[in-house]
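>>> no sequence for this one, just the structure:
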């Protein structure tokens, strides 16, 4: 567009210059089909000049539009960055100092057999002699009077407190679960003297402490003179009318058994009963033996 404007302006100026030159020379100029006298040429040239100036002004206006003013943009205010608020540091709570619990001590007042579990039907581990003192580790709700202790060589076992004293607060001790009793394990308690005419005997209660039934049992009385053996049946009698029998002792249950002594009365004697209990008939299967001293 600007190039076209410059071209038309140059032609207009050249034409205007030529007309002025002709006018000054007194030449008649022919415009279109009509001749124009030289006298009128001045007026004609002036008109053309005016038209040329008007055309140049119009072309300039069209070619160069007015510049659009650029709006002034105010600089953006920086967004303030919030100041990070740090949480308060936790205050350490002082921990109370644990008060040491005094140990509980087991002191034997006589020789005490220490066993694998809380009962005379558990195998023996060691012996605490009178005056021996060992720490108590735990108690049990299974059998009253037994405590889990640690021997001087580091082994642990269960000791009965019938022949011992405890020092310290036993209520602070944990409770321990005893190991299962051996198969055919049993307890033996003296019931009383049996007599029917000339026959005499000693009657006992047998309690099955194991996890399987006891099917047969034998009791042998041992002292300095006599050795008497009871039958394999669980038979008992207290006198001529009170009697009975059983075939099996189930776990946790008990039966009576009478050891006949003939015509001898062992009351007041210190004797030992060698007892054997088995899980099958005729002293077969798994058997458990105990020697039980007592004084009827």
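Yes, it's here. Keep in mind that what you see is a predicted model, and the values were worked out from it rather than measured.

>>> residues in contact with residue 105?
133-136, 166-168 (C-beta atoms under 8 Å, 6 or more residues apart in numbering). For glycine as for every other residue, the C-beta is placed from the backbone atoms N, C-alpha and C.

>>> any idea how far it is from residue 170?
10 Å (C-beta to C-beta, to the nearest Å).

>>> quick one on the thing from earlier: the contacts of residue 105 in strands, which ones?
Those of the contacts of residue 105 mapping onto strands are 133-136, 166-167, per DSSP state E.

>>> burial of residue 117, as a residue count?
23 (other C-beta atoms under 10 Å).

>>> meant to ask about residue 116, not that
Neighbour number of residue 116 under other C-beta under 10 Å is 17.

>>> also residue 251?
For residue 251, using other C-beta under 10 Å, the count is 15.

>>> now swap in residue 94 and tell me
6.

>>> go on, the one 5 residues further on?
As a burial measure, residue 99 scores 6 neighbours (other C-beta under 10 Å).

>>> same question, residue 100
With other C-beta under 10 Å as criterion, residue 100 counts 6.

>>> residue 168 now?
Count around residue 168 with other C-beta under 10 Å applied: 15.

>>> pLDDT below threshold where in the stretch 151-296 of the chain?
Scanning the stretch 151-296 of the chain for pLDDT under 70 picks out 223-232.

>>> try 90
Residue ranges of the stretch 151-296 of the chain with pLDDT under 90: 218, 220-234, 259-271, 281-283, 292-296.

>>> same question, the stretch 1-150 of the chain
1-102, 120, 142-143.

>>> okay, buried residues for stretch 264-282 please.
Within stretch 264-282, the residues that count as buried by 16 or more other C-beta atoms under 10 Å are 266, 271, 273, 275-279.

>>> now, which of those sits nearest residue 259?
Residue 259 has its nearest neighbour among the buried residues of stretch 264-282 in residue 273, at 7.2 Å by C-beta to C-beta.

>>> now that closest one: how far from residue 222?
Applying C-beta to C-beta to residue 273 and residue 222 gives a distance of 7 Å.

>>> for the nearest residue to residue 142 once chain neighbours are set aside, what is the enclosing helix or strand?
Leaving aside its sequence neighbours, residue 142 sits nearest to residue 178 (C-beta to C-beta, 6 or more residues apart in numbering; 5.2 Å). Here residue 178 sits in a region with no helix or strand, counting by DSSP states H and E.

>>> residues contacting residue 178?
117-119, 140, 142-143, 158.

>>> give me the common contacts of residue 105 and residue 170.
residue 136.

>>> can I have the buried ones of the ones in strands among the contacts of residue 105 as a PyMOL selection?
Listed next is the PyMOL selection for buried residues among these, using 16+ other C-beta under 10 Å:
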select buried, resi 134+136
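
>>> now render the ones in strands among the contacts of residue 105 as a markdown table, adding distance to residue 91.
Listed next are those as a markdown table, based on distance: C-beta to C-beta, whole Å:
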| residue | distance to residue 91 |
| --- | --- |
| 133 | 47 |
| 134 | 46 |
| 135 | 40 |
| 136 | 41 |
| 166 | 44 |
| 167 | 43 |
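
>>> looking at the ones in strands among the contacts of residue 105, which is nearest residue 214?
Distances from residue 214 to those, taken by C-beta to C-beta, are shortest for residue 136, at 32.7 Å.

>>> for the closest residue in space to the closest one that isn't next to it in sequence, give me phi and psi.
In space, residue 136 comes closest to residue 104 once its chain neighbours are excluded; the distance is 4.2 Å by C-beta to C-beta, 6+ apart. For residue 104, the backbone dihedrals (degrees, to the nearest 10) come out as phi -100, psi 130.
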